[in-house]
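Trainee: The amino acid sequence is not available; the structure is as follows:
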């Protein structure tokens, strides 16, 4: 599956931020590299898609509704949450608040990737954001920090996840319970491992230690106390504040 | 019908969170302080995302996450580091049942 000619993604990560110039582009090749970068994640995506479809049918959703959820909401955690709340009469406000709180992290992620997408303008940026997930965003940020100038990377990664998420959740409506398989192959840990390795790629040296530590600490604390993804928002803001203060201290 | 309407409403809400931060950041004229804040954000978002995940993964997860992190730092190869972390995890789970 991995073509040898393919991606810079699997080559060495530079120890410093590569400052590259030249315009941001949006090409088919960039999209393809984004898609390839998602390959190691697909077993996990498919397993959770199957599980989602299975549980959704148990919760009383129709196949059409499963398809609409996966295609248009396209947010795993939110969709699982919605299943928990899916009953007659539908608690619309609770659903809405729950989904927004769970996706607050995407507000920060969108802000973080803004400089990359902005030069594309209009529909390309907005279409790319439709396909922004934790995974596609993460890989795209890594690509950007390596000096990547092809912003189609995130769209390529996101569309790949979208295709596999939609089809596997539809397949799941006809499948059995896959929880045993998820357990057996450690697929739940695959996502965790993916993000740990990505995080390691972002390490720029000791100056990161305090901001990251604060972010992690606040996140763990907030997760125990607050709903949704407030923990990511608060942790990241606290950590970034520390980083900005440290930097000002250095230059002052 | 109502249900489909609710699904589409949730879709709009999710998309709003996806474009919200982008639109907001686009309008900001960042001061050096805000810029330093924004520059640090990818790493701190990752740290906040990862820490509770790892914590919840149990002893086998803690060790394997360490393996993945160190492998990435030392070898610099994303694929290989991910494979090593997964291999460590599965080995630990199979041998210790942790």
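Mentor: Nice, thanks for sending it over. Computed from a predicted structure; not experimentally measured.
Trainee: For stretch A:34-45, list every residue counted as buried.
Mentor: A:34-38, A:40-45 (16 or more other CB atoms under 10 Å in any protein chain shown). Where C-beta positions appear, they are placed from N, C-alpha and C, glycine not excepted.
Trainee: Equivalent analysis for stretch A:161-170, please.
Mentor: A:161-162, A:164-166, A:168-170.
Trainee: got it, and stretch A:127-146?
Mentor: Buried residues in stretch A:127-146, defined by neighbour count with 16+ other CB under 10 Å: A:128-146.
Trainee: tell me which strands and helices the lowest-mean-pLDDT helix or strand in chain B is in contact with?
Mentor: Every helix and strand of chain B was ranked by mean pLDDT, DSSP states H and E. The lowest is helix B:32-56, at a mean of 90. For helix B:32-56, the packing partners by 3 or more CB pairs under 8 Å, 6 or more residues apart in numbering or on different chains; DSSP states H and E come out as helix A:92-117, helix A:134-145, helix A:187-202, helix A:209-225, helix A:230-251, helix B:58-75.
Trainee: Specify the angle between that helix and helix A:92-117 in degrees.
Mentor: 120 degrees (axes from the mean of the first three to the mean of the last three CA atoms, to 10 degrees).
Trainee: Show me the shaky parts of chain B.
Mentor: B:97-98 (pLDDT under 70).
Trainee: what residues go with each domain of chain B?
Mentor: B:1-30, B:33-98 (automatic domain parsing).
Trainee: can I get those domains in a markdown table with mean neighbour count?
Mentor: What follows is the domains of chain B, written out as a markdown table (neighbours: other CB atoms under 10 Å in any protein chain shown):
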| stretch | mean neighbour count |
| --- | --- |
| domain B:1-30 | 16 |
| domain B:33-98 | 20 |
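Trainee: among the buried residues of stretch A:34-45, which are within reach of chain B?
Mentor: For chain B, the contacts drawn from those by CB under 8 Å from any CB of the partner chain are residue A:40.
Trainee: tell me the two of the buried residues of stretch A:34-45 that are most distant?
Mentor: The most widely separated members of these, counting by CB to CB, are A:34 and A:43 (18.2 Å).
Trainee: and the nearest residue to residue B:4 once chain neighbours are set aside, what does it touch?
Mentor: Nearest residue to residue B:4, sequence neighbours excluded (CB to CB, 6 or more residues apart in numbering or on different chains): residue A:68, at 6.4 Å. By CB atoms under 8 Å, 6 or more residues apart in numbering or on different chains, the residues touching residue A:68 are B:4, B:7-8, B:11.
Trainee: a strand runs through residue A:68, doesn't it?
Mentor: No. The assignment for residue A:68 (DSSP: H, G, I helix; E, B strand; the rest coil) gives helix, which keeps it out of a strand.
Trainee: Can you give me the pLDDT of it?
Mentor: Residue A:68 carries a pLDDT score of 97 in this model.
Trainee: Just list the residues touching residue B:52, thanks.
Mentor: Neighbouring residues of residue B:52 by CB under 8 Å, 6+ apart: A:219-220, A:223, A:231.
Trainee: redo that, cut-off 6 Å
Mentor: A:219-220, A:223 (CB atoms under 6 Å, 6 or more residues apart in numbering or on different chains).
Trainee: For the residues you listed, pick the one with the most neighbours.
Mentor: Ranked by neighbour count (other CB atoms under 10 Å in any protein chain shown), these have residue A:219 at the top, with 30 neighbours.
Trainee: what's the pLDDT at that residue?
Mentor: 96.
Trainee: Distance check, residue B:68 against chain A.
Mentor: 5 Å (CB to the nearest CB, to the nearest Å).
Trainee: any idea how far residue A:207 is from that residue?
Mentor: 22 Å (CB to CB, to the nearest Å).
Trainee: Then residue A:133?
Mentor: Residue A:133 is 29 Å from residue A:207, by CB to CB.
Trainee: what do you get for residue A:242?
Mentor: Counting by CB to CB - residue A:242 and residue A:207 are separated by 10 Å.
Trainee: Also residue A:70?
Mentor: 41 Å.
Trainee: Looking at the two, which one has more neighbours?
Mentor: residue A:70 (24 against 13).
Trainee: who's in contact with the more buried one?
Mentor: By CB under 6 Å, 6+ apart, the contact list for residue A:70 reads A:165-166, A:169.
Trainee: Helices - which of the residues you listed land there?
Mentor: A:165-166, A:169 (DSSP state H).
Trainee: Let's have these in JSON lines, adding distance to residue A:211.
Mentor: Below are the ones in helices among the contacts of residue A:70 laid out as JSON lines (distance: CB to CB, whole Å):
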{"residue": "A:165", "distance to residue A:211": "32"}
{"residue": "A:166", "distance to residue A:211": "37"}
{"residue": "A:169", "distance to residue A:211": "37"}
